[in-house]
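A.B. asks: predicted coordinates and the sequence they were generated for:
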Amino acid sequence: MAQPPILSLEGIALQQGGKWLFGGAPGDETRDPLDLHIGPRDRLALIGRNGAGKTTLFRLIKDRIEPDRGMRKVKPGMRIVLLEQDPDFTGYETLMDWALAENQGAGEHPPQPHEVEAIAGQLGIEMATPCKGASGGERRRAAIARALAQDPDLLLMDEPTNHLDLAAIDWLEDWLTRYNGAFLVISHDRTFLKRLTRATLWLDRGSMRRKEVGFGGYEAWEEQVYAEEARAAEKLDAKLKLEAHWLERGVTARRKRNQGRLEKLWQMREQRAAMISGGGTAKLKLATEEDFKSKSVIVAENISKSYDDRTIIKPFSLRVQRGDRIGIVGANGAGKTTLLKMLTGELEPDSGSVTISNKLTGVMIDQQRSLMAPDKTVRDVLAEGGDWIDVQGHRKHVQAHLKDFLFDPGIVDTKVGILSGGERSRLLLAREFAKASNLLVLDEPTNDLDLETLDLLQEVIADYEGTVLLVSHDRDFLDRTVTITLGLDGTGHVDVVAGGYEDWAKKRREPTQRKAASGSDAAKPSPPPPPAPKSSKLSYKDQRDYEQLPTRIEELEAAIVKGEAILADPGLYTADPQKFATISKGVENARAEKDAAEERWLELAELVEG
């Protein structure tokens, strides 16, 4: 039986910066107000472009700001905790002082010290660390420890995996899997979202859509919505036709192009795998040794690095070729930045040598995005106040360059300080990618970016003609982008693997799997034969289902929304428990039928496209 919501936003309209972010002015029927209902066990992904209002929505839920119109209803006794993207540690001596402070948010009560310590210990953070010297990763772990220790009924997480290493992300995913409350998460980490969420909220052009499908089904849903809008726009004026065409081209078509780029990436990985020996030293397989050397832009021979008595990098060799996309992964403190600095010549190794081609011209995009003064305009940042910008040696109008990076060209004279954190990050990418270079160094480039900007960044890196060195904890982004992964395990050893994060993770699992398999081969049943390929032809019934199921899914979605709206009335259960039970059962049945219909339609769609 569906349970009543623990929080509801009803008829919300909010004006921000002179514009209506949600809803519209009184009497404006062109913009629907925002409605949101969160159940006690919801696992919700909140998706939307930078600037769409995701963080503002969190502040509304948390009751930190008041809407211009509408109501906020909360079930009595609910603990709502917000894990902010950039909490303010100013004025606190240690991370524990900050974690135990009482003024961290409306309605919040500080957690008990022992509860904070218990979670901090599992996250590997020392809460006695001074706030002033704490790294971004240490601050993020302290914020997570405080939030989880409060035992929230509803947990709001704004980019929770930013600054976390892979081990901490795995721990957080495991904790959230066992968590009994509800959560709503903003994240660019596709892997994190796919593993944890069961429903998706999509903020798009001032309206909120909800679909009872986890993030794994979001992209197909998004493309379906845009395709429907494009068809509807055919009946409207030319301006709307152009807008719908841009949406389709900018989202659906981009993803299709990226599929082609992924195929090319896999081919590059196969070629690179043939050149990498088991020990990690690049070795010629497909061409002459002389030809291979001539294409090398960075040659590291038996380089190592230690600090005091700790070995950071054990002797390791690598040849980086023109066009390589190299990802560097590992836990915080494992030596990723040290390795990156040695490969780029910024840091001398203790032993061995690094030879860098004198033709390399690098551009560095790091985690520190505070370099752009807030009082400067977008035009100042990109074109030093002018109208034109040199993009990779070609002259281009600044507004056209903005459009390439998913900005409205009209923001050209907007102050940088008004932009959201994600928009500032995207602006930095637009500036840096314009510079002529043949070596691109990216340190955690995905922090603060929305999903569409990540698609764009993937596209730009794929089309980049030079060499890329990339440090990231974003597993999905690495899998979509790099040809070689350098994996640091914290002992100083560096794995060199052709492929992305999953290829490295698979290599790390192999010794354990071989050990578990040894001695038991005789008892293993023979593997089942591969399934027979499906026919690409649809039967009459299949074709009928393929055509009619989308309409049925829409009908079920409408029924679910209507039922949830009725159940949102907090007085219904008391006034008429039988009606509440009947509607709850109806919503539950509709969800089950919709899930089955969606699964059936996706199977048929695969056959049609196959």
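C.D. replies: Received, thanks. Residues are numbered from 1 along each chain as shown.
A.B. asks: list the residues that contact the residue nearest to residue 23 when sequence neighbours are not counted.
C.D. replies: Spatially, and ignoring its direct neighbours in sequence, residue 23 is nearest to residue 13 (2.8 Å; Cβ to Cβ, 6 or more residues apart in numbering). Using the backbone N, CA and C atoms, a C-beta is placed for each residue, glycine as well. Going by Cβ atoms under 8 Å, 6 or more residues apart in numbering, residue 13 touches 20, 22, 23, 24, 25, 33, 34, 67, 68, 69, 70.
A.B. asks: what's the answer for residue 142, then?
C.D. replies: Shown in contact with residue 142 (Cβ under 8 Å, 6+ apart): 95, 96, 98, 99, 120, 125, 127, 129, 134.
A.B. asks: mind checking the SS state of residue 390?
C.D. replies: Using DSSP: H, G, I helix; E, B strand; the rest coil, the structure places residue 390 in strand.
A.B. asks: quick one: pLDDT of it?
C.D. replies: Listed pLDDT for residue 390 reads 89.
A.B. asks: before we move on, the earlier item: which of the contacts of residue 142 sits closest to residue 479?
C.D. replies: Ranked by distance to residue 479 (Cβ to Cβ), the contacts of residue 142 are led by residue 125 at 27.8 Å.
A.B. asks: pretty sure that closest one sits against residue 134.
C.D. replies: No - Residue 125 is not in contact with residue 134 according to Cβ atoms under 8 Å; the separation is 9.0 Å.
A.B. asks: ok, these two, which is more surrounded?
C.D. replies: Taking neighbours as other Cβ atoms under 10 Å, residue 125 and residue 134 compare with residue 125 leading, 23 against 19.
A.B. asks: not counting its neighbours along the chain, what's nearest residue 605?
C.D. replies: Leaving aside its sequence neighbours, residue 605 sits nearest to residue 546 (Cβ to Cβ, 6+ apart; 7.2 Å).
A.B. asks: now do the phi/psi pair for the one you found.
C.D. replies: Here is the backbone geometry of residue 546 (degrees, to the nearest 10): phi -60, psi -40.
A.B. asks: likewise for residue 433?
C.D. replies: phi -70, psi -10.
A.B. asks: nearest residue to residue 202 other than its sequence neighbours?
C.D. replies: Using Cβ to Cβ, 6+ apart and skipping the chain neighbours, the partner closest in space to residue 202 is residue 209 (4.5 Å).
A.B. asks: tell me the domain ranges of this structure?
C.D. replies: In the assignment given by automatic domain parsing, the structural domains of the chain cover 7-218, 283-517, 540-609.
A.B. asks: how far does the shortest one sit from its chain's centre?
C.D. replies: In this view, domain 540-609 has its centroid 29 Å away from the chain centroid, taken as Cα atoms, centre = their mean, to the nearest Å.
A.B. asks: thinking again about what came up before, and the residue nearest to residue 202, that one's in a strand?
C.D. replies: Yes - under three-state DSSP, residue 209 sits within a strand.
A.B. asks: which ones are touching residue 95?
C.D. replies: 89, 125, 126, 127, 128, 129, 131, 134, 138, 139, 142.
A.B. asks: 7 Å - rerun?
C.D. replies: Contact analysis of residue 95 by Cβ atoms under 7 Å, 6 or more residues apart in numbering lists 127, 129, 131, 134, 138, 142.
A.B. asks: so how far is residue 145 from it?
C.D. replies: 8 Å (Cβ to Cβ, to the nearest Å).
A.B. asks: residue 53 contacts residue 23, correct?
C.D. replies: No - contact criterion Cβ atoms under 7 Å: residue 53 and residue 23 do not qualify, at 10.9 Å.
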